[in-house]
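Enquirer: Turn this into a model:
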Amino acid sequence: MSDGQIVVSGLTKQYRNVRAVDNLSFTVEPGRVTGFLGPNGAGKTTTLRMVLNLVTPTAGNATIGGQRYGDLAEPLRHVGAVLEASSAHKGRTGANHLRVIAAAAGLPRQRVDDVLAMVGLTPAAKRKFKGYSLGMRQRLGIATAMLGDPKVLILDEPANGLDPEGIRWMRDLLKSLAAQGRTVLVSSHLLSEMQILADDLVIIAAGKLVTQGPVDQVMGSMSGAAHVRVRTPQADALTAALTAQNATVTPAEDGALLVLGVDAPAVGRAALAAGVELHELATDRPDLERVFLELTAGKAAIR
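Expert: Model (predicted):
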């Protein structure tokens, strides 16, 4: 088993009459960014807290590199985590906040300067925490998580409070960390961003696994996930030509035709053979938001 592999096996958490997580199992691989998605109340944060031994499971277990987080000899050197925007003493500077944590963990002082530079906070290192914006606090949280140069990074809504430039910075940073062979597990509600950022997805609802796998596989698993969009002044002729090839043709509200069962080149060839003029021809793939909503529809949080 890889040092950075996260294995969640049969995790269950029962709070009196509420089952927050229900027999949940999935694996997170090193060298990849894994998006952890689910509606509000799906059990994402509870799951992450169980992985980090902040919450005791009712059943099941979670390991990182084959060990429970609580059994790691030097956890900060193995796992960095941000479950909410960084908190610190309001009168302490960002640099001093990191120095206290580094000293307590036996980490070299140089790591403070390294991680401040990594997250772009060097110019604000001597500013007091109370003057930090939410985006700056998110960056400080990432810096704190990276102090031990860990192989595994677990983040809950890391882009919260970031402006578009900050979100792009976060994306580039997490992709670069994964490219170094680290394991990056990210929970987020920003589905459009996760479609760009993530290599793999784990989607849960009502505490249960809905699906997992590479982004393209999850996107392509939907029935009718991709269709060809075509526009022509000779809709009837093209429909007949495509139907003869066992394609399914559905008129769209805007006058275009939506074609399932054949790809765009096949539609173009059919149009050419039938002497049909085309004004538009494109493959229309759903975004992650549409796939996510379809996958989780009707799966309300357990109460």
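
Enquirer: Please make it C-alpha for all contacts and neighbour counts, starting now.
Expert: Fine.

Enquirer: how near is the residue nearest the centre of the chain to residue 196?
Expert: With distances taken as CA atoms, centre = their mean, residue 35 lies nearest the centre of the chain, 2.1 Å away. Using CA to CA, to the nearest Å, residue 35 is found at 10 Å from residue 196.

Enquirer: Name whatever forms a beta bridge with the closest residue to residue 256 other than its chain neighbours.
Expert: Excluding the flanking residues, the one nearest residue 256 by CA to CA, 6 or more residues apart in numbering is residue 231, at 4.6 Å. Following DSSP bridges, residue 231 is listed with bridge partners residue 280.

Enquirer: so residue 231 touches residue 271, yeah?
Expert: No: using CA atoms under 8 Å, residue 231 makes no contact with residue 271, being 10.9 Å away.

Enquirer: Common neighbours of those two, please.
Expert: Shared contacts of residue 231 and residue 271 (CA atoms under 8 Å, 6 or more residues apart in numbering): residue 278.

Enquirer: okay, now the residue nearest to residue 256: neighbour count?
Expert: For residue 231, the count of nearby residues is 20 (other CA atoms under 10 Å).

Enquirer: Quickly note the distance from it to residue 275.
Expert: Noted for residue 231: a distance of 14 Å to residue 275, by CA to CA.

Enquirer: Name the nearest residue to residue 113, ignoring sequence neighbours.
Expert: Distance criterion CA to CA, 6+ apart; nearest residue to residue 113, sequence neighbours excluded, is residue 122 at 7.5 Å.

Enquirer: Quick check, that neighbour in contact with residue 112.
Expert: No: Residue 122 is not in contact with residue 112 according to CA under 8 Å; the separation is 9.8 Å.

Enquirer: So which bits of stretch 80-97 are buried?
Expert: 80, 81, 82, 83, 85, 86, 88, 93, 94, 95, 96, 97 (16 or more other CA atoms under 10 Å).

Enquirer: what's the answer for stretch 177-194, then?
Expert: By neighbour count with 16+ other CA under 10 Å, stretch 177-194 contains the buried residues 177-178, 182-189, 191, 193-194.

Enquirer: can you confirm residue 196 is in a helix?
Expert: Yes: looking at residue 196 with DSSP: H, G, I helix; E, B strand; the rest coil, it is inside a helix.

Enquirer: How many residues are close by it?
Expert: Neighbourhood size, residue 196 [other CA under 10 Å]: 11.

Enquirer: By residue count, what's the longest helix in this structure?
Expert: helix 164-179 (DSSP state H).

Enquirer: Quick one: distance of the helix or strand following it to the chain centre.
Expert: Moving toward the C-terminus from helix 164-179, the next helix or strand (DSSP states H and E) is strand 183-187. In this view, strand 183-187 has its centroid 7 Å away from the chain centroid, taken as CA atoms, centre = their mean, to the nearest Å.

Enquirer: Strand 183-187 pairs with which strands, and in what direction?
Expert: Using DSSP bridges, strand 183-187 pairs in its sheet with strand 33-37 (parallel), strand 152-156 (parallel).

Enquirer: Direction-wise, compare it with helix 164-179 and give the angle.
Expert: In terms of direction (axes from the mean of the first three to the mean of the last three CA atoms, to 10 degrees), strand 183-187 departs from helix 164-179 by 140 degrees.
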